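1. generate coordinates for the sequence data below:
(one chain, ligands or ions: 1)
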Amino acid sequence: MSKSLYRGRFAPSPTGLLHAGSLCTAVGSYLEARSRGGEWLLRMEDLDPPREVAGAADDILRTLEAFGFEWDGEVVYQSRRHHLYRAALQQLIASGHAYVCCCTRKEIAARAQRGLDGYVYPGTCRRGCPDGREGRAWRLRTRDGDRVVMDRLQGESRQNLARDIGDFVLLRADGFWAYQLAVVVDDADQGINDIVRGADLLVSTPRQLQVYDSLGLAPPDYCHLPVLTNAAGEKLSKQTLAPAICVDDAARQLRAALTLLGHPPPPECGSLDELWRWAIASWSLSRVPRGPLVLSDI
Ligand code: GLU
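-> Now for the predicted structure:
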């Protein structure tokens, strides 16, 4: 990590309301930033309108506010930053890192092997689309060889992008920007030098490192917090019907989140403010468990 001011962020997608898992991620990233005297930015990742829930972005902000999170600067909305993603894609095309792809999902499914995150793109359009076919999506060229992720909590992991993921999408056939491109463009543009987020995204990190590399940018440091699961071992999410957190009982829920993150809060703690002060002063990543956390009491 460079000596410059620590700058972290929380980047929710408004595809649902905050649940206990996203609260834990927000708490962990906030405490890591504040305990290191750094900044904490908030970015709404609203680039996928078909998956978004009406009102969720505002609800997430109100919930974070009610929990006492204080972010630095204005909230950034990805939906207002298309020009930045377009410029990055232009750069990747000009440097030969990105290429246009005409394949449909069906065509890919018929030819491809399954990899670590869906089908591994078989490279059909790597040397150009077949004659008479129109380009639909833009992909980033991956290369053979291990990409190493050094994570402060999860340790070292490796992924061979060409073999396990394949050339991945930057601009989707439906015209929407892919998360893998937008997240890197924004983190770089906002000067984020440390990313604390859920371990479900660890599988994406090598792709993002590749985007940093291809754009000639220095990557941030990473720390992936354990995901929260229900009693059946499924990650809490909209798909597993995780209940939205309710702001009425914020102090109790913050205490529960801290406990899950390995930080039993003090037995006596009045206001939310006091709880945050205590949490910032006593936060240490070394107490956070690495493995999945089973939700029992939040
Ligand atoms: N928007 C992503 C999500 O809600 C998180 C992106 C990130 O932290 O890199 O899952």
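
2. tally of neighbours for Val247?
-> By the criterion of other C-beta atoms under 10 Å, Val247 has 15 neighbours. C-beta here means a position set from N, CA and C on the backbone, and glycine is covered the same way.

3. with Leu293 instead?
-> With other C-beta under 10 Å as criterion, Leu293 counts 23.

4. give me every residue that touches the nearest residue to Ala98 once chain neighbours are set aside.
-> Excluding the flanking residues, the one nearest Ala98 by C-beta to C-beta, 6 or more residues apart in numbering is Leu92, at 3.8 Å. Shown in contact with Leu92 (C-beta atoms under 8 Å, 6 or more residues apart in numbering): 98, 138, 140, 170, 214-215.

5. any idea which of those residues has the most stuff around it?
-> Leu170 (26 neighbours).

6. quick check: closest non-adjacent residue to that one.
-> Leu181 (4.3 Å).

7. sec struct for the closest residue to Cys246 other than its chain neighbours, please.
-> Closest residue to Cys246 apart from its sequence neighbours, by C-beta to C-beta, 6+ apart: Gln253 at 7.9 Å. Following DSSP: H, G, I helix; E, B strand; the rest coil, we place Gln253 in the helix state.

8. check which residues of whatever helix or strand Arg9 lives in are buried.
-> For Arg9, the host element (DSSP states H and E) is strand 7-10. The neighbour-count check on strand 7-10 (16 or more other C-beta atoms under 10 Å) flags 7-10 as buried.

9. with stretch 182-190 instead?
-> Those would be 182-188, 190, for stretch 182-190 by 16+ other C-beta under 10 Å.

10. list the contacts of it.
-> 7, 9, 11, 41, 43, 45, 47, 76, 78, 81, 84-85, 88, 192, 195, 208, 211-212, 215, 217, 220.

11. how long is stretch 43-61 end to end?
-> 10 Å (C-alpha to C-alpha, to the nearest Å).

12. near the ligand at all, that stretch?
-> Yes: counting by C-beta under 6 Å from any ligand atom, contacts between stretch 43-61 and the ligand involve Glu45.

13. now swap in stretch 196-211 and tell me
-> Yes: for stretch 196-211, a contact with the ligand is found by C-beta under 6 Å from any ligand atom, at 197, 201.

14. what lies in contact with that stretch?
-> 8, 11, 21-22, 25, 28-29, 32-33, 116-117, 140, 142-143, 147, 149, 151, 154, 157, 159, 161, 165, 168, 170, 179-181, 183-184, 219, 222-227, 235, 292.

15. could you work out the most separated pair of the contacts of Leu92?
-> Farthest-apart pair in those is Trp138 and Leu215; separation 13.9 Å (C-beta to C-beta).
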